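> Turn this into a structure:
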Amino acid sequence: MADKRFTGVIPPVVVPLTKDRQLDVVSLDRSINRMIEAGVDGLFILGSSSEVVFSTDKRRSDIIENTVRIVDGRVPVLAGIIDTETERMIEHGKRAQDLGVDALVATCPFYALQGIDEIEWSFRCIHDAIDLPLFAYDIPVCVHNKLNTDMLIRLGKDGVLAGVKDSSGDDISFRYLVLKNEDAGHPMSILTGHEVVVDGAYLSGADGSVPGLGNVEPYGYVRQWKAAQAGDWETVKKEQDRLARIMEITSVTSGVAGFGAGVGAFKTALQLMGIFETNQMPRPVHSLKGENVEAIRRVLEANGLL
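Modelled structure (predicted):
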């Protein structure tokens with residue numbers, strides 16, 4: 001059966017930076033403690049929201065070290081080991097293990113694009129090299145491959161994968177993944193990263209969520225998860241409707257797209273709420289300014305977050 005340590009609300013931690021683009025440890029401390037106090041069930045660092053692909057090896061280590069220290073064993077910490085190919089992911093994974101994380105999260109290799117056999121072998125190589133639970137991160141928009149459902153189930157049944165973090169946005173594929181995981185005896189924790197339709201994922205049987213918006217509004221996601229566990233689907237939908245309105249912070253801006261619009265909006269909201277000191281972005285991404293900041297402010301005000 002899936003490891004129950006990795007269920008519930010597990011936000012992907014947004015990383016605060018100082019004006020000169022150094023890790024803002026004070027703001028990180030404030031944000032992590034706020035999410036834990038809200039009742040989240042774990043934290044995922046060094047995914048997209050944690051700027052993993054913008055980070056040097058030293059920055060990756062700094063993020064892990066500080067997160068593990070701040071968390072102090074209160075919730076599990078999952079660390080992304082995302083990189084272009086298998087050997088580098090193994091190096092990142094060994095370092096993360098030494099620094100005390102509880103599980104690893106890996107995408108398929110990218111840049112030198114491979115077929116399903118090589119992708120499966122990559123996950124098996126990582127599992128064989130490192131004695132920590134391993135999650136597959138399905139995010140085809142970034143790595144140019146959609147993870148095959150039958151492959152994931154096979155890896156789960158073989159004990160290679162402890163779970164899947166699905167950020168594919170493909171709700172049909174997600175439904176079949178949950179069903180086939182159940183048919184196989186539920187070897188994996190299936191987590192959705194699709195924060196606007198978490199209610200549907202829970203109704204499908206998902207084991208939890210990894211919502212970037214959970215940095216901004218963790219309380220709503222925690223209430224939603226508890227309601228789902230109690231079978232209170234009216235409250236699950238009510239919370240999701242509110243969270244979907246808050247998620248509009250990522251779409252009310254203009255002149256920005258992708259990472260700058262998504263994570264940039266999260267950082268701007270956290271700054272406006274007094275949790276982050278700045279909304280600084282990593283180079284070459286521009287920080288949101290002017291009317292874009294005001295647009296986000298209006299969404300937060302309309303939803304009671306300011």
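> How about E217, nearest residue that isn't a chain neighbour?
Residue nearest to E217 in three dimensions, not counting chain neighbours: I246, with 5.6 Å by CB to CB, 6 or more residues apart in numbering. Glycine gets a C-beta too; all of them are placed from N, C-alpha and C.
> Shouldn't F135 be within a strand?
Yes - under DSSP: H, G, I helix; E, B strand; the rest coil, F135 falls within a strand.
> correct me, but it touches G80?
No - with contact defined as CB atoms under 8 Å, F135 does not count as touching G80 (9.1 Å).
> Tell me the buried residues in the helix or strand containing V299?
Element membership for V299, per DSSP states H and E: helix 290-302. The neighbour-count check on helix 290-302 (16 or more other CB atoms under 10 Å) flags N292, V293, A295, I296, R297, V299, L300 as buried.
> So which helix or strand of the protein has the lowest pLDDT on average?
helix 140-143 (a mean of 90; mean pLDDT, DSSP states H and E).
> List of residues touching that one?
S48, V53, T107, C108, P109, F110, K146, L147, S168, G169 (CB atoms under 8 Å, 6 or more residues apart in numbering).
> and the end-to-end length of stretch 101-114?
29 Å (CA to CA, to the nearest Å).
> for stretch 191-198, same thing?
End-to-end for stretch 191-198, by CA to CA: 9 Å.
> all helices of the protein, in order?
In the chain, the segments counted as helices under DSSP state H are 25-38, 57-71, 86-98, 116-129, 140-143, 149-157, 171-183, 198-204, 218-229, 233-246, 259-272, 290-302.
> Buried deepest among those helices, which one?
helix 259-272 (a mean of 23; mean count of other CB atoms under 10 Å).
> Off-centre distance for it?
15 Å (CA atoms, centre = their mean, to the nearest Å).
> cool, stretch 61-73 as well?
16 Å.
> hmm, back to that, return every residue with contacts to both of F135 and G80.
Joint contacts of F135 and G80 (CB under 8 Å, 6+ apart) are L104, V105, A106.
> Considering the residues you listed, which possesses the most neighbours?
V105 (29 neighbours; other CB atoms under 10 Å).
> got a list of what that one touches?
44, 46-47, 78-82, 134-137, 165.
> And the furthest pair within these?
L46 and A136 (15.1 Å; CB to CB).
> Mind checking which of these two has more residues around it?
L46 (29 against 26).
> The nearest residue to that one once chain neighbours are set aside - how many residues pack around it?
Leaving out its chain neighbours, the residue that sits closest to L46 by CB to CB, 6+ apart is G80, at 3.7 Å. Using other CB under 10 Å, G80 has 31 other residues around it.
> what's near enough to touch G80?
Counting by CB under 8 Å, 6+ apart, G80 has contacts F44, I45, L46, G47, S50, V52, L104, V105, A106, Y137.
> Would you mind reformatting the residues you listed (as a markdown table) and adding columns for pLDDT while you're at it?
Below are the contacts of G80 laid out as a markdown table (pLDDT from 0 to 100):
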| residue | pLDDT |
| --- | --- |
| F44 | 98 |
| I45 | 98 |
| L46 | 98 |
| G47 | 97 |
| S50 | 95 |
| V52 | 96 |
| L104 | 98 |
| V105 | 98 |
| A106 | 98 |
| Y137 | 98 |
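> From the residues you listed, which land in strands?
F44, I45, L104, V105, A106, Y137 (DSSP state E).
> now the third one: how far from K267?
What that stands for is L104. Taking CB to CB, to the nearest Å as the measure, L104 falls 25 Å from K267.
> In a markdown table, list the contacts of G80 along with distance to G274.
Rendered in a markdown table, the data for the contacts of G80 read as follows (distance: CB to CB, whole Å):
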| residue | distance to G274 |
| --- | --- |
| F44 | 24 |
| I45 | 22 |
| L46 | 25 |
| G47 | 25 |
| S50 | 21 |
| V52 | 26 |
| L104 | 33 |
| V105 | 30 |
| A106 | 35 |
| Y137 | 31 |
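> between the ones in strands among the contacts of G80, which is nearest E234?
Nearest member of those to E234, counting by CB to CB, is F44, at 28.7 Å.
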